[in-house]
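Enquirer: heads up, no residue letters with this:
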Ligand SMILES: [Zn+2]
């Protein structure tokens, strides 16, 4: 069985807030659910499948189904950090293809800025089998991505200036997004002269920290046929877990080397066919490595590929993250997978900002990277087409 | 395993030889008799072939830096690194007693132990 053509993304919603003082996590989940259902032209009572990840408060889907007043016959709380929502979109398509639901709702909410539950929900890292062997060295999100950038520079000659081009491209796009946290266009010089936060990454190599959330509504073809919005069809997906492999460590590549080919094979398309990409951009290095691993350029040539504006819409060959991405716009709950799918759908609908809309955008890819690039992470690739 | 409240290690019979050796300044990894490969962090079952025929292997204490970073905003700043051992595995660790500005990939380092979070922890210092 394949999910190709079996499900459509009918509704999307990105919460406009970037700082959610005085609003509960549960309410953000509800607000984005309402937004995405309204966008689709569906109602709460149409929902028969519900998907949430570790950001969902309380008992996850049990608490959220209660709070939202849902009556799902299919639930999925797959938790792979920020890549969860890309996986949820694929799993929703699988459930729809199998007849387990017809209208799937996926929600995300997070409040890392104004204080809320930490990323990862209630999971206690001390339970993790690696804990005693890694925690004493104080690994952080920052240093576990920086350590990948260092090795990439060593093996392939990647430079800080090349990494900076990823941020420059995101900032060029964010200037057109009124909701973006960082709307100022930055230059390569500004990125590489910003303070080093974890060698070799600078402050401007990092994504924003934002409150907020987002939601998707994914439906069966017969439901999509009754709706008025432009139709976006899911045609391929892949998911993979990458880790340190019992100490046989190679941090120069990500799980995209597995999730990407699986998604392209299912969709029956090649990287060269893709008109727009949403690439998980927790850090500039995340984008550079992911583009290589997905096959948009040769391994090790990512630095040259992203340089000189190649990721800028209207300028380069592969427009990416036209909402400004996590690097400049929004990274709600430290989980960027949701907004990756949302901007890809906007592009396929022709509803991105006119300044960044890709012409004839009929094929797009969204990729999520959850967890830690330098130790263990989830990778999820989703390919969608305009129907 | 670690205590849920304090984060300190709790009894795990399978790992006791590792901690006993660490207390004596020795770093043990696991060797698999079935597939011949080594692994780290140590497990009773080999992650490469899933055999339970695993045994402890004492490492030489030598290593080379595979990659490194320094958390500059911490007070004081600290390093984190992967060090590759001649025994074939790389482990997450810290490089200590060094000038962070002089660290480099491929640099030779040697094993030391520090008491961290109430446990003897393998770190490395430049040769
Ligand atoms: Zn084995």
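Expert: Here it is on my side, so go on. Just so you know, these numbers come straight off a predicted model, no measurement behind them. Residues are numbered from 1 along each chain as shown, chains lettered A, B, ... in the order given.
Enquirer: please pick out the residue of chain B most distant from its centre.
Expert: residue B:73 (24.3 Å; C-alpha atoms, centre = their mean).
Enquirer: which residue is the nearest non-sequential neighbour of that one?
Expert: residue A:197 (5.7 Å; C-beta to C-beta, 6 or more residues apart in numbering or on different chains). Heads up, the C-betas are built off the backbone N, CA and C, glycines and all.
Enquirer: helix or strand: which one has that neighbour?
Expert: Using DSSP states H and E, the element containing residue A:197 is strand A:196-198.
Enquirer: report the separation between the residue of chain B found nearest chain A and the ion.
Expert: As assessed by C-beta to the nearest C-beta, chain A sits closest to residue B:89 within chain B, at 3.0 Å. Using C-beta to the ion, to the nearest Å, residue B:89 is found at 13 Å from the ion.
Enquirer: repeat for residue A:78
Expert: Distance, residue A:78 to the ion, by C-beta to the ion: 29 Å.
Enquirer: for residue 113, give me its contacts.
Expert: As the question left the chain open, I've gone with chain A. Residues near residue A:113 by C-beta atoms under 8 Å, 6 or more residues apart in numbering or on different chains: A:18-20, A:209-211.
Enquirer: please go with chain B instead
Expert: B:22, B:25, B:120-123.
Enquirer: scan those and report the most crowded one.
Expert: In terms of neighbours by other C-beta atoms under 10 Å in any protein chain shown, the contacts of residue B:113 top out with residue B:122 at 24 neighbours.
Enquirer: in space, what's closest to that residue - neighbours in sequence excluded?
Expert: Residue B:122 sits nearest to residue B:27 (C-beta to C-beta, 6+ apart), 4.7 Å away.
Enquirer: who touches the one you found in this structure?
Expert: Counting by C-beta under 8 Å, 6+ apart, residue B:27 has contacts B:21, B:58-59, B:61, B:111, B:122.
Enquirer: at 6 Å what do you get?
Expert: B:59, B:111, B:122 (C-beta atoms under 6 Å, 6 or more residues apart in numbering or on different chains).
Enquirer: which helix or strand contains the closest residue to the ion within the stretch 51-200 of chain A?
Expert: Going by C-beta to the ion, the ion is nearest to residue A:129 of the stretch 51-200 of chain A, at 17.0 Å. Using DSSP H and E, residue A:129 sits in no helix or strand.
Enquirer: run a quick neighbour tally on residue B:71.
Expert: 21.
Enquirer: over to the one 10 residues further on?
Expert: Residue B:81 has 27 neighbours, counted by other C-beta under 10 Å.
Enquirer: please apply the same query to residue B:54.
Expert: Using other C-beta under 10 Å, residue B:54 has 22 neighbouring residues.
Enquirer: contacting residues around it?
Expert: B:30, B:32, B:46.
Enquirer: show me where chain B has its helices.
Expert: B:16-23 (DSSP state H).
Enquirer: which parts of it are strands?
Expert: Along chain B, counting by DSSP state E, strands occupy B:28-32, B:38-39, B:54-58, B:62-71, B:78-84, B:90-93, B:108-116, B:119-126.
Enquirer: let's have the contacts of residue B:113 in a markdown table, adding pLDDT.
Expert: As requested, those are exported to a markdown table (pLDDT from 0 to 100):
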| residue | pLDDT |
| --- | --- |
| B:22 | 98 |
| B:25 | 97 |
| B:120 | 96 |
| B:121 | 97 |
| B:122 | 98 |
| B:123 | 98 |
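Enquirer: so the residue nearest to residue A:253 when sequence neighbours are not counted: helix, strand or coil?
Expert: Distance criterion C-beta to C-beta, 6+ apart; nearest residue to residue A:253, sequence neighbours excluded, is residue A:293 at 5.4 Å. Under the three-state scheme (DSSP: H, G, I helix; E, B strand; the rest coil), residue A:293 adopts helix.
Enquirer: tell me how many other residues surround residue A:387.
Expert: Residue A:387 is flanked by 15 other residues according to other C-beta under 10 Å.
Enquirer: tally of neighbours for the closest residue to it other than its chain neighbours?
Expert: Computed as C-beta to C-beta, 6+ apart, the closest residue to residue A:387 that is not its neighbour in sequence is residue A:231, at 3.8 Å. The number of residues packed near residue A:231 is 18, by other C-beta under 10 Å.
Enquirer: kindly report the same for residue B:58.
Expert: Neighbour tally, residue B:58, other C-beta under 10 Å: 11.
Enquirer: got a list of what it touches?
Expert: By C-beta under 6 Å, 6+ apart, residue B:58 lies in contact with B:26, B:28.
Enquirer: report pLDDT for it.
Expert: Per-residue confidence (pLDDT) for residue B:58: 98.
Enquirer: I'd like the distance between it and residue A:71.
Expert: Distance check for residue B:58 against residue A:71: by C-beta to C-beta, to the nearest Å, it reads 60 Å.
Enquirer: check residue A:294 too.
Expert: Between residue A:294 and residue A:71 the computed distance is 38 Å (C-beta to C-beta).
Enquirer: apart from its neighbours in sequence, what residue is nearest the residue of chain B closest to chain A?
Expert: Of all residues not flanking residue B:89 in the chain, residue A:247 sits nearest, at 3.0 Å (C-beta to C-beta, 6+ apart).
Enquirer: run a quick neighbour tally on that neighbour.
Expert: Neighbour tally, residue A:247, other C-beta under 10 Å: 24.
Enquirer: what of residue B:78?
Expert: Neighbours of residue B:78 (other C-beta under 10 Å): 17.
Enquirer: for the closest residue to it other than its chain neighbours, give me its contacts.
Expert: Leaving aside its sequence neighbours, residue B:78 sits nearest to residue B:71 (C-beta to C-beta, 6+ apart; 5.5 Å). Neighbouring residues of residue B:71 by C-beta under 6 Å, 6+ apart: A:143, A:198, B:77-78.
Enquirer: how about residue A:372?
Expert: residue A:144.
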